[in-house]
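Student: Structure for the following, please:
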Amino acid sequence: MEAISILFWPTIAVLLSVAIYTFLWKDNMVYKIAEHIFMGVSVGYSIAYSYHKILIPKLWVPVKRFLSQGNYILAIYFIFGGLIGLLYISRFTDKTSWLSRYPIAITVGFYAGFRIVPVWMTMVSKQLNATIKDPTGSPLLNGKLFEAFFNNPTWGNFIHAINGPLIVVGVLLVLIYFFFSFSNDNFVVKISRKPALVILMLGFGGAFGYTFMARISLFIGRMNFIFSEWPELIKSTLGG
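Tutor: I've put the predicted structure just below:
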């Protein structure tokens with residue numbers, strides 16, 4: 001009985017993994033069952049997590065504390081926020097679904113305003129700084145690196161010297177490519193289009209390659225679990 005309890009969930013994991021991979025053959029009922037189990041477990045986990053980690057500690061507990069302390073203004077404030085959140089449930093019926101627009105508008109508006117500064121700091125300010133200085137703080141357009149290359153013309157020194165200018169020129173070319181205030185007949189825009197496309201394709205290719213390798217890594221991990229870890233668990237548990 002103990003062996004069955006140890007092997008039960010790993011075996012279920014193996015069967016569900018194989019069921020998902022049957023989609024490579026064709027869309028079939030086995031795959032659909034595994035897909036629905038995955039979505040159901042994910043949604044159920046999200047609901048339970050929201051209840052125990054958000055609703056109780058951030059709404060119910062503060063309201064009880066404020067009421068016990070006689071701080072009725074803050075209690076009403078939290079209750080009002082909870083009622084606004086409950087308007088999301090109005091989407092379950094066509095007649096009241098329009099009420100869900102209010103919490104959606106509040107959420108989107110607050111999030112957009114709240115994210116302005118972090119987005120500026122992480123996606124604009126730091127990116128601008130990264131086109132001027134390298135991670136060590138040295139300028140990307142560093143003439144000393146070219147001097148070092150001419151004094152010692154090795155491949156490594158050449159890469160160090162050309163890396164910074166390539167980043168700066170590449171950023172400028174791509175910015176010009178997406179600068180739509182000038183017509184395509186403009187001389188600067190015209191000569192920058194092909195180099196900018198090359199840089200964009202290199203960037204997209206690198207991003208796609210990184211994503212592909214990440215998926216391959218996940219696939220290797222799943223295959224290692226199915227063909228290595230699971231059989232070893234069976235042997236160690238059943239003594240085969």
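Student: rest of the way, CA atoms for contacts and neighbours
Tutor: OK.
Student: Find me the pLDDT at Leu175, would you?
Tutor: Listed pLDDT for Leu175 reads 85.
Student: What's the local residue count around it?
Tutor: Per other C-alpha atoms under 10 Å, the neighbour tally for Leu175 reads 13.
Student: how about the worst-scoring helix or strand of the chain on mean pLDDT: buried residues?
Tutor: Least confident helix or strand of the chain, by mean pLDDT, DSSP states H and E, is helix 126-130 with a mean of 79. For helix 126-130, a neighbour-count test (16 or more other C-alpha atoms under 10 Å) marks Ala130 as buried.
Student: Can you pull the poorly scored residue ranges out of the protein?
Tutor: Across the chain, residues meeting the criterion (pLDDT under 70) sit at 1, 181-182, 240.
Student: Kindly list the longest helix within it.
Tutor: Longest helix of the chain, by residue count under DSSP state H: helix 187-224.
Student: rewinding a little: pull the least confident helix or strand of the chain out as CSV, backbone CA atoms only.
Tutor: What follows is helix 126-130, C-alpha atoms only, in CSV (Å, rounded to 0.1, in the frame of the first residue of the first chain):
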residue,chain,number,x,y,z
LYS,A,126,18.2,51.8,-18.1
GLN,A,127,18.0,51.1,-21.8
LEU,A,128,19.2,54.5,-22.7
ASN,A,129,22.0,54.1,-20.2
ALA,A,130,22.8,50.7,-21.7
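Student: helices or strands up against the next helix or strand after that helix?
Tutor: On the C-terminal side of helix 126-130, the closest following helix or strand by DSSP states H and E is helix 143-151. In terms of contacts (3 or more C-alpha pairs under 8 Å, 6 or more residues apart in numbering; DSSP states H and E), helix 143-151 is packed against helix 155-177.
Student: burial count for Thr131?
Tutor: 20.
Student: What of Tyr177?
Tutor: Neighbour count for Tyr177, taken as other C-alpha under 10 Å: 22.
Student: who touches it in this structure?
Tutor: Listed by C-alpha atoms under 8 Å, 6 or more residues apart in numbering, the contact partners of Tyr177 are 189, 192-193, 196.
Student: circling back: can you give the distance from the following helix or strand past the longest helix of the chain to the centre of its chain?
Tutor: Following helix 187-224 in sequence order, the next helix or strand is helix 230-238 (DSSP H and E). Centre-to-centre, helix 230-238 and its host chain are 36 Å apart (C-alpha atoms, centre = their mean, to the nearest Å).
Student: do the same with stretch 171-183
Tutor: Distance, centroid of stretch 171-183 to centroid of chain: 28 Å (C-alpha atoms, centre = their mean).
Student: How about it, which residues are buried there?
Tutor: 171, 173-174, 176-177.
Student: Pick out the residue closest to the middle of the chain.
Tutor: Geometric centre of the chain, nearest residue: Thr211, 11.6 Å, by C-alpha atoms, centre = their mean.
Student: Met29: which of the buried residues of stretch 171-183 is nearest?
Tutor: Val174 (46.9 Å; C-alpha to C-alpha).
Student: these two touch, right, the closest one and Ala196?
Tutor: Yes: Val174 is within contact range of Ala196, at 5.1 Å (criterion: C-alpha atoms under 8 Å).
Student: thinking again about what came up before, would you reformat the contacts of Tyr177 as CSV and include neighbour count and distance to Trp230?
Tutor: Listed next are the contacts of Tyr177 as CSV, based on neighbours: other C-alpha atoms under 10 Å; distance: C-alpha to C-alpha, whole Å:
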residue, neighbour count, distance to Trp230
Val189, 19, 58
Ser192, 17, 55
Arg193, 16, 53
Ala196, 22, 49
